[in-house]
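**Q** Please find the sequence and the predicted model below.
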Number of protein chains: 2
Amino acid sequence: MPENEFEWINKHTPKTYHHDGLVEGIGDDAAVYAYESNYDDILCVDMMIEEVHFKKQTMSPKDIGHKALAVNISDIAAMGGIPVYFMVSIALPKHWSDEELSEIYEGMNTLADLYDMDMIGGDTVSSPHELMISVTVHGRVEKGCHVVRRNAAPGDIVFLTNPTGRSAAGLHLLLDRGRWADYTKQEQKLLSYHQKPVPRVEEGRIISGFQLPASLNDISDGLASEANELAEASNISIELVKSQIPLAEELTLFSEDQYWDWIFYGGEDFELIGTIRETDWPVLQKKIQEKGLNIYQIGRVKEGPASVTLMDGEQEIKLEKQGYNHFKS
Amino acid sequence: MPENEFEWINKHTPKTYHHDGLVEGIGDDAAVYAYESNYDDILCVDMMIEEVHFKKQTMSPKDIGHKALAVNISDIAAMGGIPVYFMVSIALPKHWSDEELSEIYEGMNTLADLYDMDMIGGDTVSSPHELMISVTVHGRVEKGCHVVRRNAAPGDIVFLTNPTGRSAAGLHLLLDRGRWADYTKQEQKLLSYHQKPVPRVEEGRIISGFQLPASLNDISDGLASEANELAEASNISIELVKSQIPLAEELTLFSEDQYWDWIFYGGEDFELIGTIRETDWPVLQKKIQEKGLNIYQIGRVKEGPASVTLMDGEQEIKLEKQGYNHFKS
C-alpha cells in the first residue's frame, strides 16, 4: 500500500478530463456527472482476482490494468454502447509494490485514452493475500437503441466478430512457459489475445446504430456458453456450422482437438456473438467491412427450446453451457 | 461458490424494481437506465475485505451486506444525493457457504428497500482466501445542488449530525468478546453502530435542498481525519470546541481517554460533518430538528492554512489527519 494515500491519490488523479458532462471527478465523496437526455445510461461491473483470473506469471501489472478495464468495456460494447466513465476498487497485498500498482493504473489509463474514458473515482484498500480489482464502467447509448440477448428469432443469421480460442491458447502457453520466456511472433500474438483483449466497441456501435432487431453478447465464458445464453434469453435454438466458424491461423500451431476445444470453450475472447434478421445481414456485413472490421456468419437461429447445436457435416453435436475455468483442467 | 451460477443469479434477481427509469436490470451484459434531465448523476464505489474491514467474529453475513452497501449510500448522502441503483462484486472463498452468501445479499436488500434502491447487476467470482465485496452505488441530485468539501469559508459554523466514536467502541467490544457473547443493552447499541451503520441520507438531502453555500463530508476515517479533508479541500482552518462535541451516553462505559480517542480517531461512524454560513445555520438547525433528526454545532471555520485545532478550554490541540486502522493498534 502506498504509505501516503493522499499523495498517492493526487498523483493518480487525472489533470484533465475528456468529458464536459463531468461535474465532480476524483476528490470528493463521489463523482457527479450530467447527461443529455437523449441517451440511456449503462452500468456494469467486473472483478478480477489474482490466482483465479491471473497470476504474476501470466500477466504483467499493465496487462492486469488493461484487462480489468477491457472486460467491462466489452460489456458496454455488447449493449451497443459507448464507454464513458470508470471507477476502480483495488485490494492490494503486501507482495505487490507501489510501482506495480502504478503500472496497473498505467495499463488502465492507456486503454481508457483510446476510448476517451475518464477515471472518476475508486477505492484502494489492503488485502491479506491476493490482488483483487473490481472495475465499474458507466456508458451510454442513444435512447432505446441498446442491444440485448433476448431478441434472437428463428431464421436469424448468427454472427461472430472474429475468431475465438486465441486467448485460451495464449493462456496455455503462459501457464506452460511463463510470460518471461522467448516466444515466436505467432505465439506472441496468442499471448496478446489473452493479456490485452480488444473490446469490440466499434462493432457494437454499428449494430446498435442499425436500430433493427438484433441480439448481442460478448464472449467472456466461451463461444458455446455465450451462444447458450443467447438461446436461453431468446428461447430459441442456435445451429452453428463448423465449416463457417473462423479459424485463427495461429491456432494451427496446436492439434485440431486442442484448438476446437479452445474455440468453443476457451473463454475470454471478448468477441461479440449476435443474431440479426436475414434481410438485414448483407447491410450489417457491408457496414462492418467498410470500417475494415470483421464479421462472420457462423450459423442460424431455429425454433426453440433453448439449445446450441454444432453441425459438423452430417453430424449434430450438442454444445453444452460449459463455463470457463481459468486454472483448472 | 454456488454450484449453478445461473440458478443462483435467477434466485437473487429481484422480481420487481422500484424505479421506472430502469430499462434493463440484471440479466444482460450491463444494466441500462434513463433519467430526467433535471438531475445530475452520482457514482461511488467502496470495497470491504475480510480480515481488513471485518472478521467473522465481528460481523454476521447480514451485517457485512448491510455495511458494504451503507458505506456507499453514505458517500451519496455526503453529496446531498438520493441513492438509486447498486451493483455488487463479491469474491467468495470456499470457507463461506452459499447460505452465508445469501445472508450477505439479504443484508444488502433489507437496507436497499429502506431507500427504494434497486440492485441492477454484479459479478460473483471465487477467492482463494478472503471474502471481498465491492459495491457501486448510482445516485442522483437536483441539477447543480450537490454539496462538496471545498465550500467551507471563514466564519462558517462547523456541524456534525450525531455523536461519533460509537462504531469504534463497538468494534473494541467485538474484538474483545466476539459477536456471540452476551452484551448489555448499552453495549448492544455500540455493536450496532459498528455492524449496521445508518447513512445520513435525510440530513444530506436537507442540506442540498438548501441550495446555499455549504460543505459536507461523511465520517469514514474518523472525525479528525474528515475535518482535515474539509480544511484541505477548502483551504481554511477548522477550530473544534471540545465542550460542543456531542458525547454519546454509551461511551461513558469506558475511560475518558479511551472515548475521546474514539470520538476523534475511531472512524466508521458515517455521520456527516459540514459547514454552513453563520446566517443560514439557524434555518438548517430548525429544518433538521423538525424532522426529528440531530445536528450539532461543533466549531467554527477560520482563515487557512488548512489545519484542524481542538480548543479544550484555553488549550489548543492540533488534530492530525490520522487514518483509521481497523485491526491495528
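**A** Thanks, I have it.
**Q** for residue A:113, phi and psi?
**A** phi -60, psi -40 (degrees, to the nearest 10).
**Q** Then residue A:305?
**A** Dihedral angles (degrees, to the nearest 10) for residue A:305: phi -70, psi 160.
**Q** Contacts only, for the residue lying closest to it once chain neighbours are set aside.
**A** Closest residue to residue A:305 apart from its sequence neighbours, by CB to CB, 6 or more residues apart in numbering or on different chains: residue A:237 at 6.8 Å. No exception for glycine: its C-beta is placed from N, CA and C like everyone else's. Contact partners of residue A:237, counting by CB atoms under 8 Å, 6 or more residues apart in numbering or on different chains, are A:231, A:301, A:302, A:303, A:304, A:305, A:306, A:307, A:308, A:309.
**Q** do the same with residue A:43
**A** Counting by CB under 8 Å, 6+ apart, residue A:43 has contacts A:136-139, B:30-31, B:33, B:85, B:87, B:120-121, B:136, B:138.
**Q** Low-confidence stretches in the stretch 101-250 of chain A?
**A** Residue ranges of the stretch 101-250 of chain A with pLDDT under 70: none are present.
**Q** hey, where'd the strands end up in it?
**A** A:118-126, A:132-142, A:157-160, A:214-218, A:236-241 (DSSP state E, counting those that start in this stretch).
**Q** which parts of the shortest one are buried?
**A** By neighbour count, and taking 16 or more other CB atoms under 10 Å in any protein chain shown as the criterion, the buried residues in strand A:157-160 are A:157, A:158, A:159, A:160.
**Q** Roughly how far does the last one sit from chain B?
**A** As for residue A:160, its distance to chain B is 16 Å (criterion: CB to the nearest CB, to the nearest Å).
**Q** Isn't that residue up against residue A:288?
**A** No - assessed by CB atoms under 8 Å, residue A:160 is found out of contact with residue A:288, at 11.4 Å.
**Q** Now do the shared contacts for these two.
**A** residue A:295.
**Q** need the strands of the stretch 101-250 of chain A in a markdown table with distance to residue B:116, can you?
**A** Shown next, in a markdown table, are the strands of the stretch 101-250 of chain A (distance: least, CB to CB, whole Å):
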| stretch | distance to residue B:116 |
| --- | --- |
| strand A:118-126 | 24 |
| strand A:132-142 | 21 |
| strand A:157-160 | 40 |
| strand A:214-218 | 31 |
| strand A:236-241 | 36 |
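**Q** one step back: could you turn the buried ones of the contacts of residue A:237 into a ChimeraX selection?
**A** The command below creates a ChimeraX selection of those among those that count as buried (16+ other CB under 10 Å):
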select /A:231,301,306,307,308,309
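**Q** Dump the contacts of residue A:237 to a markdown table, plus secondary structure.
**A** Below are the contacts of residue A:237 laid out as a markdown table (DSSP: H, G, I helix; E, B strand; the rest coil):
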| residue | secondary structure |
| --- | --- |
| A:231 | helix |
| A:301 | strand |
| A:302 | strand |
| A:303 | strand |
| A:304 | coil |
| A:305 | coil |
| A:306 | coil |
| A:307 | strand |
| A:308 | strand |
| A:309 | strand |
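**Q** which residues pair with the residue nearest to residue A:305 across the strands?
**A** With DSSP bridges as the criterion, residue A:237 is bridged to residue A:302, residue A:307.
**Q** Same check on residue A:274?
**A** residue A:159, residue A:216.
**Q** Of the strands of the stretch 101-250 of chain A, give the one that comes closest to residue B:73.
**A** strand A:118-126 (14.6 Å; CB to CB).
**Q** which residues touch residue A:242?
**A** So residue A:242 contacts A:310, A:311, A:312, A:313 (CB under 8 Å, 6+ apart).
**Q** Strands - which of those land there?
**A** A:310, A:311, A:312 (DSSP state E).
**Q** how close does the first one get to residue A:241?
**A** Between residue A:310 and residue A:241 the computed distance is 8 Å (CB to CB, to the nearest Å).
**Q** how about the helices of chain A, start to end?
**A** A:5-12, A:61-77, A:98-114, A:166-177, A:185-195, A:201-209, A:223-234, A:256-265, A:281-290 (DSSP state H).
**Q** Any chance of a markdown table for those, columns distance to residue A:148?
**A** Converted to a markdown table, the helices of chain A look like this (distance: least, CB to CB, whole Å):
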| stretch | distance to residue A:148 |
| --- | --- |
| helix A:5-12 | 35 |
| helix A:61-77 | 12 |
| helix A:98-114 | 25 |
| helix A:166-177 | 24 |
| helix A:185-195 | 26 |
| helix A:201-209 | 10 |
| helix A:223-234 | 7 |
| helix A:256-265 | 23 |
| helix A:281-290 | 17 |
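**Q** which among the contacts of residue A:242 are in contact with chain B?
**A** Near chain B, judged by CB under 8 Å from any CB of the partner chain, there are no entries from the contacts of residue A:242.
**Q** Let me know the closest of those residues to chain B.
**A** The nearest member of the contacts of residue A:242 to chain B, counting by CB to the nearest CB, is residue A:310 at 21.0 Å.
**Q** re earlier: selection in ChimeraX covering whichever of the contacts of residue A:43 are buried, please.
**A** To isolate the buried members of these in ChimeraX, using 16+ other CB under 10 Å:
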select /A:136,137,138,139 /B:30,31,33,85,87,120,121,136,138
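**Q** Out of the contacts of residue A:43, the closest to residue B:65 would be?
**A** Out of the contacts of residue A:43, the member with the shortest distance to residue B:65 (by CB to CB) is residue B:87, at 13.8 Å.
**Q** from memory the closest one sits against residue B:135, does it?
**A** Yes - Residue B:87 is within contact range of residue B:135, at 7.2 Å (criterion: CB under 8 Å).
**Q** quick one: residue A:52 from chain B, how far?
**A** Residue A:52 is 6 Å from chain B, by CB to the nearest CB.
**Q** Quick check: pLDDT value at that residue.
**A** For residue A:52, the model assigns a pLDDT of 94.
**Q** Identify the residue nearest it in space, chain neighbours excluded?
**A** Of all residues not flanking residue A:52 in the chain, residue B:126 sits nearest, at 5.6 Å (CB to CB, 6+ apart).
**Q** Any idea what that neighbour is bridged to?
**A** residue B:92.
**Q** ok, it - contacts?
**A** A:49, A:52, B:1, B:91, B:92, B:93, B:94.
**Q** what is the mean pLDDT for stretch A:301-320?
**A** Taken as a whole, stretch A:301-320 carries a mean pLDDT of 96.
**Q** who touches it?
**A** The contact list for stretch A:301-320 (CB under 8 Å, 6+ apart) reads A:152-158, A:224, A:227-228, A:231-232, A:234-242, A:264, A:275, A:299, A:321.
**Q** higher neighbour count, residue A:310 and residue A:241?
**A** More crowded of residue A:310 and residue A:241, by other CB atoms under 10 Å in any protein chain shown: residue A:310, with 22 against 16.
**Q** Without its sequence neighbours, what residue ends up closest to that one?
**A** residue A:317 (4.4 Å).
**Q** burial measure for the one you found, as a count.
**A** When neighbours are counted by other CB under 10 Å, residue A:317 registers 13.
**Q** which parts of the stretch 101-250 of chain A sit against chain B?
**A** A:120-123, A:125-130, A:132, A:134, A:136-139, A:141, A:143, A:146, A:148-150, A:216-218, A:233.
**Q** one more time with 6 Å, if that's ok
**A** Residues of the stretch 101-250 of chain A found near chain B (CB under 6 Å from any CB of the partner chain) are A:123, A:125-130, A:132, A:134, A:136, A:146, A:148-149, A:218.
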